[in-house]
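Visitor: give me the fold of what follows.
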Amino acid sequence: APPAHPGTSELVARAIVKAVEIAKLPAGVFSLLTGIGNDLGQDLVAHPAIQAVGFTGSRAGGLALMKVAANRPQPIPVYAEMSSINPVFVLPQALAARGAAIAAGFAGSLTMGVGQFCTNPGLVLGLEGPAFTAFAAAAAEALAPAPAATMLTAGIASSYVKGVANLAQHADVKPLLQNTGEEGKGAAALFVTSGEAFLAKHDLRDEVFGPVSLLVACRDIAQLVEITESLEGQLTATLQMDQGDLEDARRLLPALERRVGRILANGFPTGVEVSTAMVHGGPFPATSDGRSTSVGTAAINRFLRPVSYQNLLQDLLPESLRDGNPLGIWRRKDGVLGKE
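Guide: A predicted model of the protein is given here:
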């Protein structure tokens, strides 16, 4: 249980226990442990009964758990969701046609939940020029009325303030909006820099968890592609594009497909649908295992291990695998999905 929210954790745990009882699952299928500090989580990961780990949090926290898991006598997989800045690409035709509308939507996405979403749009890239300058001004104007709001924990709020201050101290970074929030609260912030500076300063791509974003004015499409190829793994990337932007999008897609779990067009990344099609994952450091998703029906695959039964008698097989499909479930036979 997160030590900052023990009461909420207890209420959620009671609901889960009731669901377990209704479903008539074994009583030990769910446990809640409480404690302060990192030792409890690390002890859990080290315990020989644990066979896989799911984690959402900081990169430092995820890496620490991965190290514990790797150093066990029997190493186990850790599915850690850690760090992502979720770039938004505002391509030229879309920028010229509807820059103000995109800026308004971006502002809403950035400040949702005081920016405390793992898919928060922390980076926006476009081509330098009057249209991008107007977009930046419109985004700052849309963000300005957003009130400073309480963040999840005092530690998250403190880290956010430090992250914003780190961006502000860069000589090549210009503040467009930098409100001062009260203690424990997050206020929206917006900065802009050049493509050259972004390529030269690696720390400009560090995640700052909260309602802050960095706009990058790129010299041309070639530099936009170069920056894309320099990015770490991400949960999402967004293409704001119109019909005239197809060629530019086509140039970006190969780089995005290698770095991103979910690529979306003309939307904003903070909506995560719980569905079969959802991929909420991505290459490191977005996650520790880019082959997985932590949202959607495929998420269960993180905690399954395949076992093959060859030439076993019917009475020894699990019911789900017996001839005649006695459970009437969907199964795949000779590659074909059905209920036969």
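Visitor: next, the contact list for residue 89, please.
Guide: Residue 89 makes contact with 125, 126, 224, 228, 237, 238, 239, 240, 241, 252, according to Cβ atoms under 8 Å, 6 or more residues apart in numbering. (C-beta placed from N, C-alpha, C; glycine too.)
Visitor: cutoff 6 Å now
Guide: The contact partners of residue 89, taken as Cβ atoms under 6 Å, 6 or more residues apart in numbering, are 125, 239.
Visitor: three-state assignment of it?
Guide: Using DSSP: H, G, I helix; E, B strand; the rest coil, the structure places residue 89 in strand.
Visitor: specify the beta-bridge partners of it.
Guide: residue 125, residue 239 (DSSP bridges).
Visitor: residues contacting stretch 206-218, please?
Guide: Contacts for stretch 206-218 (Cβ under 6 Å, 6+ apart): 83, 85, 110-111, 114-115, 121-125, 127-128, 132, 136, 160, 163-164, 186, 188-195, 198, 224.
Visitor: can you give me the helices in the protein?
Guide: 6-22, 39-46, 59-70, 92-111, 130-143, 154-168, 195-200, 221-230, 246-259 (DSSP state H).
Visitor: give the burial count for residue 36, as a bare number.
Guide: 9 (other Cβ atoms under 10 Å).
Visitor: for it, give me the pLDDT.
Guide: We note a pLDDT of 82 for residue 36 in this prediction.
Visitor: is it true that it touches residue 3?
Guide: Yes. Counting by Cβ atoms under 6 Å, residue 36 does reach residue 3; the two are 4.7 Å apart.
Visitor: pull up the overlap in contacts between the two.
Guide: By Cβ under 6 Å, 6+ apart, no residue touches both residue 36 and residue 3.
Visitor: who is the residue nearest to residue 144 when sequence neighbours are not counted paired with across the strands?
Guide: Nearest residue to residue 144, sequence neighbours excluded (Cβ to Cβ, 6 or more residues apart in numbering): residue 177, at 6.0 Å. Beta-bridge partners for residue 177, by DSSP bridges, are residue 190.
Visitor: how far away is the nearest residue to residue 48 once chain neighbours are set aside from residue 196?
Guide: Nearest non-adjacent residue to residue 48, counting by Cβ to Cβ, 6+ apart: residue 74, 7.1 Å away. Distance from residue 74 to residue 196, counting by Cβ to Cβ, to the nearest Å: 48 Å.
Visitor: the two: which has the busier surroundings?
Guide: residue 196 (15 against 7).
Visitor: pLDDT score assigned to the residue lying closest to residue 2 once chain neighbours are set aside?
Guide: Closest residue in space to residue 2, ignoring its immediate chain neighbours: residue 9 at 6.3 Å, by Cβ to Cβ, 6+ apart. pLDDT for residue 9: 93.
Visitor: what is the neighbour count of residue 9?
Guide: 16.
Visitor: surely it is in contact with residue 16?
Guide: No. Counting by Cβ under 6 Å, residue 16 is not a contact partner of residue 9; they are 10.4 Å apart.
Visitor: distance check, the nearest residue to residue 147 once chain neighbours are set aside against residue 292.
Guide: Nearest non-adjacent residue to residue 147, counting by Cβ to Cβ, 6+ apart: residue 187, 7.9 Å away. Residue 187 sits 35 Å away from residue 292, going by Cβ to Cβ.
Visitor: and those two? Which one has more around it.
Guide: Using other Cβ under 10 Å as the criterion, residue 187 and residue 292 rank with residue 187 on top: 24 against 21.
Visitor: and the more buried one, what's its pLDDT?
Guide: What the model reports as pLDDT for residue 187 is 94.
Visitor: do the same with residue 28
Guide: Reading off the model, residue 28 has pLDDT 86.
Visitor: can you count the residues close to it?
Guide: For residue 28, using other Cβ under 10 Å, the count is 7.
Visitor: over to residue 98?
Guide: 17.
Visitor: repeat for the one 3 residues further on
Guide: The number of residues packed near residue 101 is 12, by other Cβ under 10 Å.
Visitor: over to the one 3 residues further on?
Guide: A count of nearby residues for residue 104, using other Cβ under 10 Å, gives 16.
Visitor: hang on, isn't it packed against residue 142?
Guide: Yes. Proximity of residue 104 to residue 142 meets the contact threshold set by Cβ under 6 Å, at 5.0 Å.
Visitor: quick check: phi and psi at the closest residue to residue 73 other than its chain neighbours.
Guide: Of all residues not flanking residue 73 in the chain, residue 48 sits nearest, at 7.8 Å (Cβ to Cβ, 6+ apart). Note on residue 48: backbone dihedrals following degrees, to the nearest 10 are phi -60, psi -20.
Visitor: quick check, pLDDT for residue 48.
Guide: 96.
Visitor: what ranges in this structure fall below the confidence cut-off?
Guide: 180-181 (pLDDT under 70).
Visitor: got the domain ranges for it?
Guide: Domain assignment of the chain by the TED database yields the ranges 6-82+289-302, 87-265.
Visitor: pick the most buried one from those.
Guide: Most buried of those by mean neighbour count (mean count of other Cβ atoms under 10 Å) is domain 87-265; its value is a mean of 19.
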